[in-house]
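K.L.:
what's the 3D shape of this:
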Amino acid sequence: MQIGPLTLSSPFILAPLAGFNDLAFRQLCREYGAGLCYSEMISCHGLVFEQDKTIQMTRTVPEERPVAMQLFGSDPEIMGEAAAILSELPIDLIDINMGCPVKKVIKKGAGAALMRNPALAARIIRLVRRHSKVPVTVKFRTGWNHESIVAPGFAKMAEDEGAAAVSLHARTWTDGFSGEVDLRVLADTKRAVSIPVIGNGGIMTYEQGQEMMNQTGCDGVMVARGALGRPWVFQPNRDEPSLLFRLRALSRHLDLLELHYNQQICLAKTKNHIAKYCKGIIGGAAIRQRIFTMTSFPNLRAYIETLQNESAARLNR
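P.N.:
Next comes the predicted model:
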């Protein structure tokens, strides 16, 4: 897949996931085959006013590239300034969030609210593109509700303003993160533009991603919640893995957390992901509960290593 001058090794992409897409998780998903990973939403104001928490979200390493940083905001000038800051970093794309349905984002006129103000959205894309040294992409939804489906026209506007690709979460703002994914609108959007279109919504397996591309003609797919606790979703022909396979993935995740963060932060971040790794496996609830009671990262690592050894021993009997 090609986005501007950037060639991706796979059309399967990690979608921006607030609260999850830190450096460690992005690198893990790249190792499991994601062609590109997006950061969490990054506040344009946080960047411009140099808020420490926001600056930390922009950390990256060569091993995770290519990587996209996603900006959100509703002030065109501040978004442009933020893009200039981001494009000085060793990143490959800047994405503009115009699809987030969260109320606190909507109230500020950002995220999906921009779909109701296409003139403002166009100005934001224009200024971000003007200030960026890397390609700019835009992520949005099919529309505000099912009576106002605007994605094909919105995508054409983004292309006209210089976007190198668009990503469509094929649900409306009113759908939130549930409801049926509208593949018809995704196909219409693909036909409306000449730049790459990335489909998003409801993809839990590699095969579902392939089916979305086959049915709509979209150039790539974004996997969101389907990647949580399941970074192998970017690989083909992967059945639901064994406990040992899951534990090895979790162990690698812990390696990367320890590499990039201090141990107290590692513990909190592990607990944020752990329920996803344990979902649907025998004994998963007990493992999750045990980890949630732990107060030190070394103890957690030792526990996971013990589980791995026990699981490997059972397989070798």
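K.L.:
so where do the helices sit in the stretch 151-300 of the chain?
P.N.:
Shown for the stretch 151-300 of the chain, the helices assigned by DSSP state H, counting those that start in this stretch span residues 151-160, 183-192, 206-216, 243-260, 263-278, 284-292, 297-315.
K.L.:
what does the stretch 1-150 of the chain give?
P.N.:
Along the stretch 1-150 of the chain, the segments classed as helices by DSSP H, counting those that start in this stretch run 23-31, 44-48, 52-56, 76-86, 103-106, 118-131.
K.L.:
low pLDDT regions in this structure?
P.N.:
Confidence mapping of the chain against pLDDT under 70 gives the ranges 239, 317.
K.L.:
one step back: how about the helices of the stretch 1-150 of the chain in a markdown table, adding distance to residue 263?
P.N.:
The way it works is simple: take the backbone N, C-alpha and C, and place the C-beta from them, glycine included. Listed next are the helices of the stretch 1-150 of the chain as a markdown table, based on distance: least, C-beta to C-beta, whole Å:
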| stretch | distance to residue 263 |
| --- | --- |
| helix 23-31 | 13 |
| helix 44-48 | 25 |
| helix 52-56 | 16 |
| helix 76-86 | 29 |
| helix 103-106 | 31 |
| helix 118-131 | 37 |
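K.L.:
now residue 36: closest residue in space, sequence neighbours ignored.
P.N.:
Nearest residue to residue 36 in three dimensions, chain neighbours excluded: residue 13, at 4.7 Å (C-beta to C-beta, 6 or more residues apart in numbering).
K.L.:
what sits against the one you found?
P.N.:
Applying C-beta atoms under 8 Å, 6 or more residues apart in numbering to residue 13 gives the contacts 34-38, 198, 220-223.
K.L.:
what of residue 277?
P.N.:
229-230, 246, 249-250.
K.L.:
for residue 222, name its beta-bridge partners.
P.N.:
Listed beta-bridge partners, residue 222: residue 13, residue 200 (assigned using DSSP bridges).
K.L.:
so it makes contact with residue 165?
P.N.:
No - the criterion here is C-beta atoms under 8 Å, and residue 222 misses it with residue 165 at 11.1 Å.
K.L.:
now for those two: what residues contact both?
P.N.:
Residues touching both residue 222 and residue 165 (C-beta under 8 Å, 6+ apart): residue 198.
K.L.:
out of the contacts of residue 277, the closest to residue 154 would be?
P.N.:
Comparing the contacts of residue 277 against residue 154 with C-beta to C-beta places residue 230 closest, at 30.8 Å.
K.L.:
which residues touch the closest one?
P.N.:
By C-beta under 8 Å, 6+ apart, the contact list for residue 230 reads 276-277.
K.L.:
that older thread, tell me which of the helices of the stretch 151-300 of the chain lies nearest to residue 28.
P.N.:
Closest to residue 28 of the helices of the stretch 151-300 of the chain is helix 243-260 (C-beta to C-beta; 5.3 Å).
K.L.:
for that closest one, packing partners?
P.N.:
Counting contacts by 3 or more C-beta pairs under 8 Å, 6 or more residues apart in numbering; DSSP states H and E, helix 243-260 is packed against helix 23-31, helix 263-278, helix 297-315.
K.L.:
domain parsing of the protein, as residue ranges.
P.N.:
Listed domain ranges for the chain are 2-234, 243-315 (source: automatic domain parsing).
K.L.:
deepest in the core, which of the ones you listed is it.
P.N.:
By mean neighbour count, with neighbours taken as mean count of other C-beta atoms under 10 Å, domain 2-234 ranks first of these at a mean of 20.
K.L.:
pull up the distance across it, start to finish.
P.N.:
End-to-end span of domain 2-234 (C-alpha to C-alpha, to the nearest Å): 18 Å.
K.L.:
what about that domain, distance to the chain center?
P.N.:
8 Å (C-alpha atoms, centre = their mean, to the nearest Å).
K.L.:
ok, which of the helices and strands packed on helix 243-260 comes nearest residue 192?
P.N.:
helix 23-31 (29.5 Å).
K.L.:
and for the closest one, what's in contact with it?
P.N.:
Against helix 23-31 from outside (C-beta under 8 Å, 6+ apart): 14, 37, 39, 59-61, 63-64, 67, 227, 231, 234, 249, 252-253, 256-257, 259-261, 269, 273.
K.L.:
my guess is residue 287 contacts residue 307, does it?
P.N.:
Yes - shown here, residue 287 and residue 307 form a contact pair, counting by C-beta under 8 Å, at 6.9 Å.
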